[in-house]
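K.L.:
return a 3D structure for these sequence lines:
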Amino acid sequence: MSEDLIWSLVRRHNCFQKKVGGHIFSTEKGNLTGVNTKRYSGLANKKVVDVDIKIKGHKKRIVLSKKKPGTAQRKPAKMFWSQTYRPNDKLASRIALEVATTQYRPDLRKAACKRAKMLLKAARKN
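P.N.:
Now for the predicted structure:
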């Protein structure tokens with residue numbers, strides 16, 4: 001199915017939508033900003049980038065996930081490919097290189113870097 005058709009189906013009705021103060025947010029995997037738009041949708045786009053944090057004990061790792069192309073679309077458990085990074089000062093530049101230079105989704109480079117920095121800052125407080 002095309003991205004436009006999928007977006008027209010899930011735009012107003014899906015289980016990941018949260019309505020807060022007149023704004024509609026989305027919590028699906030692959031949505032970097034949480035805004036319910038086609039550009040950032042993890043459901044409607046074929047190429048999706050997600051940045052998340054994994055905390056195990058006192059170890060903190062940043063996980064960059066990408067949606068696999070092709071047949072993995074029908075297998076949700078195997079749909080995402082992920083790579084783990086140790087948090088340090090060069091993390092944002094490494095994520096920017098991974099997202100932009102591989103021609104995966106260069107338009108999401110800024111949002112992915114911003115989310116990685118935000119997650120690191122929140123993890124340092126705890």
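
K.L.:
tell me where the chain has helices.
P.N.:
Along the chain, the segments classed as helices by DSSP state H run 3-10, 91-100, 109-125.

K.L.:
now, of these, which is deepest in the fold?
P.N.:
Comparing these by mean neighbour count (mean count of other CB atoms under 10 Å), helix 91-100 comes out on top with a mean of 17. The C-beta positions use only the backbone N, C-alpha and C, and glycine is treated the same way.

K.L.:
contact partners of the lowest-mean-pLDDT helix or strand in the chain?
P.N.:
Across the helices and strands of the chain, mean pLDDT, DSSP states H and E gives its lowest value to helix 91-100, namely a mean of 83. Here helix 91-100 makes contact (CB atoms under 8 Å, 6 or more residues apart in numbering) with 49, 51, 62, 64, 83, 85, 104-106, 108-109, 112-113, 116-117, 120.

K.L.:
report the lowest-confidence entry in those residues.
P.N.:
Lowest pLDDT within the contacts of helix 91-100 is found at Tyr104 (78).

K.L.:
what's the residue nearest to that residue when sequence neighbours are not counted in contact with, if anything?
P.N.:
Take Tyr104 and drop its neighbours on the chain: the residue closest to it by CB to CB, 6 or more residues apart in numbering is Lys47, 5.8 Å away. Going by CB under 8 Å, 6+ apart, Lys47 touches Lys66, Lys67, Pro69, Tyr104, Arg105.

K.L.:
quick check: closest non-adjacent residue to Thr27.
P.N.:
Going by CB to CB, 6+ apart, Thr27 has Phe16 as its nearest residue, at 4.8 Å.
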